[in-house]
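> Fold the stuff below for me.
(one chain, ligands or ions: 1)
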Amino acid sequence: MIDTLIDRWHSSFGSNDPDVTVRAPGRVNIIGEHTDYNEGWVLPGAMSRSIYILASRKSTAGHHWIAYDLDEEIESVENIFEYGEYPWAKYIEGAIRLYTPDIGSLQLLVGGDLPVGAGISSSSALVCGVLYALQQLTGRTESKEELALTGQRVEREVIGVQGGIMDQFAIMMSQPNHVMLLDCRTRAYRLISADLPGCRWILINTRVKHALIDSDYNQRATQCKQAVAIIQESFPAVNNLRDVSMDMLADVSLSDTLRKRSLYILEENDRVHQMVNALAMHNAEMVGNLLKASHQGLRYMYEVSCDELDHLADFANQYDGVVGARMMGGGFGGCVICLLKEDVLETFSIACVDSYLDRFGFEPEVILFELGAGVERAGN
Ligand code: GLA
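Numbers count the residues shown, from 1 in each chain. Next up, the predicted model:
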């Protein structure tokens, strides 16, 4: 992949190599969905599939940016941003604006093997990768954690999605073969193994992304805040759903919707801790039950799933040799994450693709991955 990008770099920008090349991975999440912006816990990692960012400062005015996979290119004559309707360019522009608005014009080439819109956070990978490339170009020395927080601001202030810190932290700081148990309130984390002997994690991409994702996502975040405001009337010390116990929830009067949303968050936070124990004990049955329960919660209580995700999760959860599966990420499309016995990988993949094709008329994509490192320099 990187060689193809270098070739394209030279054919577009001439014989000089890029000043920096950065690899930014996609994000997977074992469990803990929609808990991050509720100051709860998550268990994400970085995947081996990545976006590469090749970057150089330009001596003449005007940016020149290329999105290799999309075959889109932007050139601005002056030293101003002219990204028009290109969403990818808006993320890059946001990263530059919030981190180093005076950097001057840049040559950038981005590309990789990370599917866009698959719920594996290709947009955060792009933002985090660009921030890291900018840091390398300018010689600044913030910690990766600070860069991750700037990445989150790009999503919130520039893109307008009220996201948490899970994606940016996993993309910036993950280590190979590990996932990170991250406390989204204190931002403390520890790395743990997600290995289960004889098993492997895979993703199955629905290849759909239903339109209203950003507004539905923000609506869920707002509903959680509304629930907190009501709970606070009886329990003033509560600042967030993180502070709410089951007893408190039983004590307050909430609409059905707000009760479902809150209960899901409390239960999902609890599942994260149970998952850590289940993985430490290599208890496959417990891991599977937690994945299944998480999917049910996301489907019926948090209501962020969709037919395609439900079909894949249901199919996987009934398949002999599958430990468990659930939708992953924001929802309304994207991927299912599934833990299965290695010896059924092939038969399961074929059966799952067939059944999905039968039902929806197109194939899902089975994605194999390793748990990889966070953002890093690549190539030069
Ligand atoms: C998206 C957001 C994350 C997180 C997940 C759901 O990926 O970017 O912050 O909220 O959805 O867990």
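
> so the closest residue to Arg190 other than its chain neighbours, which of the three states?
Nearest in space to Arg190, with sequence neighbours left out and distances taken as Cβ to Cβ, 6 or more residues apart in numbering, is Leu181 at 5.4 Å. Where you see a C-beta, it was placed from the backbone N, CA and C, and this is true even at glycine. Classification of Leu181 into helix, strand or coil gives strand, according to DSSP: H, G, I helix; E, B strand; the rest coil.

> go on, the one 5 residues further on?
Here Thr186 is coil, with the state taken from three-state DSSP.

> which residues touch the residue nearest to Arg190?
Counting by Cβ atoms under 8 Å, 6 or more residues apart in numbering, Leu181 touches 41-43, 189-192, 272, 276.

> Let's see which of the residues you listed end up in strands.
Using DSSP state E, 41-42, 189-192 are the members of those that sit in strands.

> Closest to Ser124 out of those residues?
When these are compared for distance to Ser124 (Cβ to Cβ), Val42 comes out closest, at 13.3 Å.

> burial of that closest one, as a residue count?
Counted with other Cβ atoms under 10 Å, residues neighbouring Val42 total 29.

> near the ligand, which residues of the chain?
Along the chain, the residues adjacent to the ligand under the rule Cβ under 6 Å from any ligand atom are 33-34, 36-37, 121, 163-164, 166-167, 329-330.

> Tell me the one of these nearest Pro18?
Sorting the residues of the chain next to the ligand by how near they are to Pro18, with Cβ to Cβ, puts Ser121 at the top with 23.7 Å.

> So that closest one versus Pro115, what's the distance?
Computed as Cβ to Cβ, to the nearest Å, the Ser121 to Pro115 distance reads 11 Å.

> Between the two, which is the more surrounded one?
Ser121 (30 against 19).

> In contact with the more buried one: list those residues for me.
Each residue near Ser121 by Cβ under 8 Å, 6+ apart is listed here: 26-27, 167, 170-171, 329.

> same check, this time on Lys209
Taking Cβ under 8 Å, 6+ apart as the contact definition, Lys209 lies against 117-118, 332-334.

> With pLDDT and neighbour count added, can I get those in CSV?
Below are the contacts of Lys209 laid out as CSV (pLDDT from 0 to 100; neighbours: other Cβ atoms under 10 Å):
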residue, pLDDT, neighbour count
Gly117, 81, 15
Ala118, 87, 23
Phe332, 93, 23
Gly333, 94, 23
Gly334, 95, 26
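
> Taking the residues you listed, tell me the two that lie furthest apart.
For the contacts of Lys209, the farthest-apart pair by Cβ to Cβ is Ala118 and Phe332; their separation is 12.0 Å.

> and the nearest residue to Phe13 once chain neighbours are set aside, helix, strand or coil?
If you skip the residues right next to it in sequence, Phe13 has Gln107 as its closest partner in space, 5.2 Å away by Cβ to Cβ, 6+ apart. Gln107 falls in the strand class when you classify it by three-state DSSP.

> Roughly how far does Gln107 sit from the ligand?
Per Cβ to the nearest ligand atom, to the nearest Å, Gln107 is found 29 Å from the ligand.

> Kindly report the same for Asn277.
Noted for Asn277: a distance of 21 Å to the ligand, by Cβ to the nearest ligand atom.

> need the contact list for that residue.
Applying Cβ under 8 Å, 6+ apart to Asn277 gives the contacts 283, 286.

> so what's Val77 scoring on pLDDT?
In this model, Val77 is scored at 63, pLDDT.

> What of Leu345?
The per-residue pLDDT reported for Leu345 equals 98.

> backbone phi and psi for the residue nearest the centre of the chain, please?
The centre of the chain sits closest to Ser121, judged by Cα atoms, centre = their mean, with a distance of 3.5 Å. Ser121 adopts backbone torsions of phi 70, psi 40, taken as degrees, to the nearest 10.

> Secondary structure element for Leu357, which one?
When elements are defined using DSSP states H and E, Leu357 is found to belong to helix 345-360.

> now for the helix or strand following that helix, which elements pack on it?
Along the chain past helix 345-360, the next helix or strand (assigned with DSSP H and E) turns out to be strand 365-368. Applying 3 or more Cβ pairs under 8 Å, 6 or more residues apart in numbering; DSSP states H and E, one finds that strand 365-368 contacts strand 199-209, helix 345-360.

> ok, and what's touching the next helix-or-strand element following strand 365-368?
Tracing the chain past strand 365-368, the next element assigned as helix or strand by DSSP H and E is strand 371-372. Here strand 371-372 makes contact (Cβ under 8 Å, 6+ apart) with 25, 28, 45-48, 50, 174, 176-179, 194, 201.

> Check the stretch 201-350 of the chain for the residue nearest the ligand and tell me.
Of the residues in the stretch 201-350 of the chain, the one nearest the ligand is Gly330, at a distance of 3.5 Å by Cβ to the nearest ligand atom.

> give me the number of residues near that residue?
Residues near Gly330, counting by other Cβ under 10 Å, number 21.

> do Asp320 as well
Residues lying near Asp320 (other Cβ under 10 Å) number 9.
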